[in-house]
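Visitor: missing the sequence, but the structure's below:
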């Protein structure tokens, strides 16, 4: 029988709690739900008022993976949705995770959370900028750290504050809080910095996605600033063999290239130690205009 749990007055059917989702560590679906329950305050702040896309992996990372923007079948009526402009569907809506009950409902589907750089009430107006640093083997996260530090210094020269998190996979994300700015302008600026980085460090940085050029370099993916694109939400689990998390990191950790792989058991202690290292992305107390 599927257990029924009440969360903030909402009744939820939480299924297959003993099912192993991450085989390398034997992590079960119940442990995943527990992770989201104890870190809800942090992830909900970054999901707030942003349409969410789901990468679903209900049978684990070796099973079928499917990406969806539309509300999944069976979405409860009490889960908020918001209109999202799409050229192919003028009436499109997406889920907005606003509270613990909605978070646990979504986590029960076994998903990665992906969000755009803009909020639901201002589609296409970004309040953050992101650079996705993706290493091409034999480059590793160590090379990503070097690129992140270059970006931090370059952004500071333009009066912008940068923050970092792991992708939860191989690379890093560098994020910047912004005063609300059209996504087209943010995309153009981000691309210009990626091009500048390649010119400054041609043996390390690549601004183009071309696979044949990527070995040994770090692809600075600026395209996720497009209004149509999304990025892994801070604190989301990733569909990997181990339950890795897209976790905020300190610049000291980036500078020393410490172990930058974090799993679900690491996050609560880090929140207790540091708080939310990406808090300025929410409070916008360090948001600045693009130059």
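Guide: Arrived safely. Please read these numbers as outputs of a predicted model, since none were measured by experiment. Residues are numbered from 1 along each chain as shown.

Visitor: helices or strands next to the helix or strand containing residue 127 in the packing?
Guide: Remark: residue 127 resides in strand 125-135, with elements defined by DSSP states H and E. Counting contacts by 3 or more C-beta pairs under 8 Å, 6 or more residues apart in numbering; DSSP states H and E, strand 125-135 packs against helix 141-157, strand 172-182, helix 183-200, strand 218-221. For every residue, glycine as well, the C-beta is placed using N, CA and C.

Visitor: Which of these sits closest to residue 251?
Guide: Between residue 251 and these, the shortest gap by C-beta to C-beta is with helix 141-157, which sits at 6.9 Å.

Visitor: tell me the angle of that closest one relative to strand 125-135?
Guide: Here helix 141-157 runs at an angle of 150 degrees relative to strand 125-135 (axes from the mean of the first three to the mean of the last three C-alpha atoms, to 10 degrees).

Visitor: If you count neighbours, what's buried in stretch 171-184?
Guide: For stretch 171-184, the buried set under the neighbour-count rule, 16 or more other C-beta atoms under 10 Å, comprises 171-178, 181, 183.

Visitor: quick check, nearest of these to residue 278?
Guide: For residue 278, the closest of the buried residues of stretch 171-184 turns out to be residue 175, at 6.8 Å, with distances computed as C-beta to C-beta.

Visitor: Quick one: residues contacting residue 105.
Guide: With C-beta atoms under 8 Å, 6 or more residues apart in numbering as the criterion, the residues that contact residue 105 are 10, 12, 76, 79.

Visitor: Could you say which helix or strand holds it?
Guide: helix 100-107.

Visitor: and the next element down the chain from that helix?
Guide: Downstream of helix 100-107, the next assigned helix or strand under DSSP H and E is strand 111-115.

Visitor: helices or strands next to that following strand in the packing?
Guide: Contact here means 3+ C-beta pairs under 8 Å, 6+ apart; on that basis strand 111-115 packs against helix 40-47, strand 51-56, strand 231-232.

Visitor: Counting by contacts, list what the shortest one packs against.
Guide: It stands for strand 231-232. Using 3+ C-beta pairs under 8 Å, 6+ apart as the contact criterion, the secondary-structure elements in contact with strand 231-232 are strand 111-115.

Visitor: Could you count how many residues lie near the closest residue to residue 268 other than its chain neighbours?
Guide: Spatial nearest neighbour of residue 268, excluding adjacent residues (C-beta to C-beta, 6 or more residues apart in numbering): residue 38 at 5.5 Å. Residues near residue 38, counting by other C-beta atoms under 10 Å, number 13.

Visitor: do the one 5 residues further on as well
Guide: Counted by other C-beta under 10 Å, the residues lying close to residue 43 total 24.

Visitor: One more: residue 8?
Guide: Burial of residue 8 is recorded as 10 neighbouring residues (other C-beta under 10 Å).

Visitor: again, but for the one 4 residues further on
Guide: Other residues near residue 12 number 20, with proximity taken as other C-beta under 10 Å.

Visitor: Please look at it and residue 103 and confirm they touch.
Guide: No - the pair formed by residue 12 and residue 103 falls short of the contact definition of C-beta atoms under 8 Å, at 10.5 Å.

Visitor: which ones are touching residue 55?
Guide: Remark: with contacts taken as C-beta under 8 Å, 6+ apart, residue 55 is in contact with 65-67, 111-112, 114, 239.

Visitor: can you check residue 173 too?
Guide: 130-133, 164-167, 231-232, 246.

Visitor: Just grab the bridge partners of it for me.
Guide: The bridge-partner assignment for residue 173, based on DSSP bridges, gives residue 132, residue 165.

Visitor: The one 4 residues further on now?
Guide: When assigned by DSSP bridges, residue 177 has beta-bridge partners residue 128.

Visitor: Can you tell me which of the contacts of residue 105 are buried?
Guide: When neighbours are counted using 16+ other C-beta under 10 Å, those contain these buried positions: 10, 12, 79.
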